[in-house]
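# Sequence below, structure please.
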Amino acid sequence: MTNSPFQANPRSQTEPALLPKILEGLSLLRLPDMYQALEQELANPKPEQVRLEWLWSILEPQVRRRVERRVERRIRDARLPARKTIEAFDFAFQIDLDKDLFVELATLRFLDEGINILFAGMSGTGKSHLAMALALAACVDNRRVFYTSSANMLARLNASLADGSLPETIAPYVRAELLVIDEVGLEQVESQSSVRSGLMQKVLFPRYDQARSTIITSNIPWEAWGDYLDDHLGAAAILDRLIHRSHVIVINGPSYRDYVHKQQIESRANQT
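Okay, the predicted model is just below:
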């Protein structure tokens, strides 16, 4: 997960190392006059008068609280159902996954490059955990994130067609720096709508054109999207754009939930 520049212990740092933190902190706290005054003071430094460690000790608590509130606001706006992390994922259980790849993805460079991440696999294999972990890392990095299940997104967009509010309803999905569409194919609620393929295109085509990253988890193979959306041509156009710039990650391992359930049964049996 991307670290805030304000998480380090200021007491262990030299004054030259503290200066960038102080200047960024003054900018974050919107204290331009103090920022300018400090710059002027540093232009003609007087060591006995410039005490960066003391100044940072005053600024750091307020800066940290401001950053924490900002992160909480990002998480709330993202509508994440749970706070998952890459560190908490059991890579020893899903042995075919490349842990180094996810360490790299957690740097969030894929967002700057407009790369999509496409997860496929059976239920319980960890797709949603990894998707939400990357979304949480993006929130911590002050990125605009939006999480939704496929069923919920298509149901909301379909409902907006009835009252003419589609442009307003679709906006959060399109403008997010990172959009997570979870559980494509898990629920069949959206299958009742004959326009689901067109609605998916209205979200994903603009994101492709603007090089905005999307994470998708799918419980059905890519070749089944045409049947799922009831539109083979539309599904092909969607997948063509998604896969063009993407990491495609197929998880063929066992269900972690099933594994935990069996462990609990065995534990109870051993206690009797």
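# so for the helix or strand containing residue 201, what's the average pLDDT?
Here residue 201 sits within helix 196-209, counting by DSSP states H and E. Helix 196-209 shows a mean pLDDT of 94.
# residues touching residue 175, list them.
Going by C-beta atoms under 8 Å, 6 or more residues apart in numbering, residue 175 touches residue 144. In this view, the C-beta of every residue, glycine as well, is placed from N, C-alpha and C.
# ok, residue 186 touching residue 152?
No. Contact criterion C-beta atoms under 8 Å: residue 186 and residue 152 do not qualify, at 11.4 Å.
# Could you pull out the residues contacting both of the two?
Counting by C-beta under 8 Å, 6+ apart, residue 186 and residue 152 have no contacts in common.
# which residues are contacting the very next helix or strand once past the helix holding residue 201?
Per DSSP H and E, the first helix or strand lying C-terminal to helix 196-209 is strand 213-218. Applying C-beta under 8 Å, 6+ apart, the contact partners of strand 213-218 are 110-111, 114-120, 127-128, 131, 134-135, 177-185, 204, 207, 225, 242.
# Looking at the record's assignment, how would you partition the chain?
The chain breaks down by automatic domain parsing into domains covering 10-78, 99-258.
# avg pLDDT for the first one?
Put plainly, it is domain 10-78. For domain 10-78, the mean per-residue pLDDT is 75.
# Make TSV out of the domains of the chain and add distance to residue 265.
Shown next, in TSV, are these (distance: least, C-beta to C-beta, whole Å):
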stretch	distance to residue 265
domain 10-78	35
domain 99-258	11
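# helix, strand or coil for residue 91?
At residue 91 the chain is in coil, as set by DSSP: H, G, I helix; E, B strand; the rest coil.
# and what of residue 239?
Once three-state DSSP is applied, residue 239 turns out helix.
# so what's it up against?
So residue 239 contacts 222, 225 (C-beta under 8 Å, 6+ apart).
# begin at 801 from here
Yes, from this point I'll number from 801; that puts the last item at residue 1039.
# my guess is residue 921 meets residue 1054, correct?
No. Using C-beta under 8 Å, residue 921 is not in contact with residue 1054, being 10.3 Å away.
# If you count surrounding residues, which of those two has more?
Set residue 921 next to residue 1054 and count neighbours by other C-beta atoms under 10 Å: residue 921 wins out with 19 against 13.
# How many residues are close by the closest residue to the more buried one other than its chain neighbours?
Distance criterion C-beta to C-beta, 6 or more residues apart in numbering; nearest residue to residue 921, sequence neighbours excluded, is residue 1051 at 3.5 Å. When neighbours are counted by other C-beta under 10 Å, residue 1051 registers 18.
# So what does residue 1051 have for phi and psi?
With angles defined as degrees, to the nearest 10, residue 1051 sits at phi -110, psi 110.
# Quick check: it vs residue 949, distance?
If you measure residue 1051 against residue 949 using C-beta to C-beta, to the nearest Å, the figure is 18 Å.
# Surely the residue nearest to residue 921 touches residue 926?
Yes. In terms of C-beta under 8 Å, residue 1051 counts as a neighbour of residue 926; the distance is 6.4 Å.
# Could you pull out the residues contacting both of the two?
Shared contacts of residue 1051 and residue 926 (C-beta under 8 Å, 6+ apart): 894, 897.
# ok, the residue most central in space within the chain - contacts?
The centroid of the chain falls nearest to residue 935 when counting by C-alpha atoms, centre = their mean (1.5 Å). Contacts for residue 935 were tallied using C-beta under 8 Å, 6+ apart; they are 878, 880, 945, 947, 978, 980, 1015.
# which residues in the stretch 801-950 of the chain form strands?
916-921, 945-949 (DSSP state E, counting those that start in this stretch).
# What ranges does the stretch 901-1050 of the chain have for its helices?
For the stretch 901-1050 of the chain, the helices defined by DSSP state H, counting those that start in this stretch cover 909-912, 927-940, 950-963, 966-975, 996-1009, 1025-1029, 1032-1044.
# what does the average pLDDT come to for the shortest one?
The reference is to helix 909-912. 97.
# Could you pull out the buried residues of that helix?
Within helix 909-912, the residues scored as buried using 16 or more other C-beta atoms under 10 Å are 910-911.
# Measure how buried residue 843 is and give me the count.
With other C-beta under 10 Å as criterion, residue 843 counts 7.
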